[in-house]
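K.L.:
Below are the sequence and a predicted model for it; my questions follow.
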Amino acid sequence: GQQLNQSPQSMFIQEGEDVSMNCTSSSIFNTWLWYEQDPGEGPVLLIALYKAGELTSNGRLTAQFGITRKDSFLNISASIPSDVGIYFCAGHTGNQFYFGTGTSLTVIP
Amino acid sequence: SQTIHQWPATLVQPVGSPLSLECTVEGTSNPNLYWYRQAAGRGLQLLFYSVGIGQISSEVPQNLSASRPQDRQFILSSKKLLLSDSGFYLCAYTTDTQYFGPGTRLTVL
């Protein structure tokens, strides 16, 4: 199935720094989603975006639904050690969800 | 509130043995249900999805099968496991967006 282009693949940052990651697709989506997954656990939904151009925040997280409906970004401000994990984007159309390959985030105290 | 359960949490099975993984959802009616497999903490591969009781769509031809005997129950099965069936299996449901279960770690020896 289709996979989204997610970048960067991994990030190593100092505590307190801001983080930015993005996803692009050749297809248009109706919904963009961002998840975080810890080892051995299921992905947890962070933010859902339903309209092109929509900018949504959830605490220190901010995500945007690209105006072309083919991309989305996620920003994390003032990172803390517990932000460590793998972040996935997902695009939704019809009954199908398509996932990015993940961004592995390491926060150095 | 809506919750999703998967069991077992971990499973070690010999090659050639049968498999049955169960997923149940609470707090919602007629959700779309999904089975994914995830290898090495990345790359969610859609295996099956269901839009209703007895309705199963298969995305990847393989020795796995799925069934939906009740509205909020989704079962992943195999008659004979292969080594390549090892992985992390995730069930998900969709209402306004997609939510994942805690996952089952399957190791085939």
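P.N.:
Okay, I see it.
K.L.:
How about the residue of chain A found nearest chain B: what's its closest non-neighbour residue?
P.N.:
Chain A approaches chain B most closely through A:G42 (3.8 Å), counting by Cβ to the nearest Cβ. Where C-beta positions appear, they are placed from N, C-alpha and C, glycine not excepted. Closest residue in space to A:G42, ignoring its immediate chain neighbours: B:F100 at 3.8 Å, by Cβ to Cβ, 6 or more residues apart in numbering or on different chains.
K.L.:
Test my guess that that neighbour contacts A:P43.
P.N.:
Yes. With contact defined as Cβ atoms under 8 Å, B:F100 counts as touching A:P43 (4.8 Å).
K.L.:
any common contacting residues for those two?
P.N.:
A:35, B:90 (Cβ atoms under 8 Å, 6 or more residues apart in numbering or on different chains).
K.L.:
show me where pLDDT drops low in chain B?
P.N.:
Applying pLDDT under 70 to chain B picks out residues B:41, B:61.
K.L.:
er, chain A I mean
P.N.:
A:1-2.
K.L.:
is the top strand by length along it anywhere near chain B?
P.N.:
Ranked by number of residues, the top strand in chain A under DSSP state E is strand A:85-93. Yes. Using Cβ under 8 Å from any Cβ of the partner chain, strand A:85-93 comes into contact with chain B via A:86, A:88, A:90, A:92.
K.L.:
Just give me the neighbour total for the first one.
P.N.:
Counted with other Cβ atoms under 10 Å in any protein chain shown, residues neighbouring A:I86 total 18.
K.L.:
which secondary structure element contains the most centrally placed residue in chain B?
P.N.:
Nearest to the geometric centre of chain B sits B:W35, at 3.6 Å (Cα atoms, centre = their mean). Assigned by DSSP states H and E, B:W35 belongs to strand B:32-39.
K.L.:
Does anything pack onto that strand? Which helices or strands?
P.N.:
strand B:19-26, strand B:42-52, strand B:73-78, strand B:87-94 (3 or more Cβ pairs under 8 Å, 6 or more residues apart in numbering or on different chains; DSSP states H and E).
K.L.:
Can you mark which positions in the third one are buried?
P.N.:
Read that as strand B:73-78. Neighbour-count burial for strand B:73-78 flags B:74-76, B:78 (criterion: 16 or more other Cβ atoms under 10 Å in any protein chain shown).
K.L.:
Could you double-check that the residue of chain A closest to chain B lies in contact with B:G101?
P.N.:
Yes. If you go by Cβ under 8 Å, A:G42 and B:G101 touch, sitting 5.3 Å apart.
K.L.:
any common contacting residues for these two?
P.N.:
Residues touching both A:G42 and B:G101 by Cβ under 8 Å, 6+ apart: B:6, B:90.
K.L.:
neighbour-wise, which of those two wins?
P.N.:
The neighbour comparison of A:G42 against B:G101 (other Cβ under 10 Å) goes to B:G101, with 25 against 21.
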